[in-house]
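Trainee: when you get a sec, could you give me coordinates for this:
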Amino acid sequence: MKVTYINNDGGGFADEDEVVDGMKISDYFAQKMGKEASVGDYQIHVNRMPVPASHTIQHGDVVSITPKKYGGAA
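Mentor: You can find the predicted model right below:
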């Protein structure tokens with residue numbers, strides 16, 4: 001199934017992704033951000049609504065992952 005992924009970690013690009021049926025946001029997050037990244041450091045929205053990590057992705061969803069803190073000058 002297809003979802004639209006909006007990466008707000010600098011680039012802000014949108015792309016279509018193919019995901020497996022029944023995939024949880026936590027698994028999708030790990031796939032996109034790497035296993036070292038913590039879900040707690042990011043705001044995750046599906047169809048512009050905040051969702052828990054246990055949320056199941058549906059066909060046609062728009063997923064946005066945004067860091068809660070942005071790096072800056074020292």
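Trainee: contacts, neighbours, all on C-alpha from now
Mentor: Noted.
Trainee: hang on, residue 30 is in a strand, isn't it?
Mentor: No: applying DSSP: H, G, I helix; E, B strand; the rest coil, one finds residue 30 to be helix, outside a strand.
Trainee: secondary structure class of the residue nearest to it when sequence neighbours are not counted, three-state.
Mentor: Distances taken as Cα to Cα, 6 or more residues apart in numbering place residue 37 nearest to residue 30, at 7.3 Å, with adjacent residues excluded. Three-state call for residue 37 (three-state DSSP): coil.
Trainee: residue 37 against residue 31, yeah?
Mentor: No: here residue 37 does not reach residue 31: they are 10.2 Å apart, not a contact under Cα atoms under 8 Å.
Trainee: okay, the residue positioned nearest the centre of the chain: pLDDT?
Mentor: Central residue of the chain (Cα atoms, centre = their mean): residue 65, 3.8 Å from the mean position. On pLDDT, residue 65 comes in at 88.
Trainee: for it, helix, strand, or coil?
Mentor: Residue 65 - assigned by three-state DSSP - is strand.
Trainee: how many residues are close by the closest residue to residue 25 other than its chain neighbours?
Mentor: The shortest distance from residue 25 to any non-neighbouring residue, by Cα to Cα, 6+ apart, is to residue 53 (5.1 Å). Other residues near residue 53 number 15, with proximity taken as other Cα atoms under 10 Å.
Trainee: cool, residue 5 as well?
Mentor: 19.
Trainee: please, which helix or strand holds it?
Mentor: Assigned by DSSP states H and E, residue 5 belongs to strand 2-7.
Trainee: next SSE downstream of that strand?
Mentor: Immediately after strand 2-7, counting by DSSP H and E, sits strand 14-18.
Trainee: list the buried residues for that following strand?
Mentor: Buried positions in strand 14-18, judged by neighbour count with 16 or more other Cα atoms under 10 Å: none.
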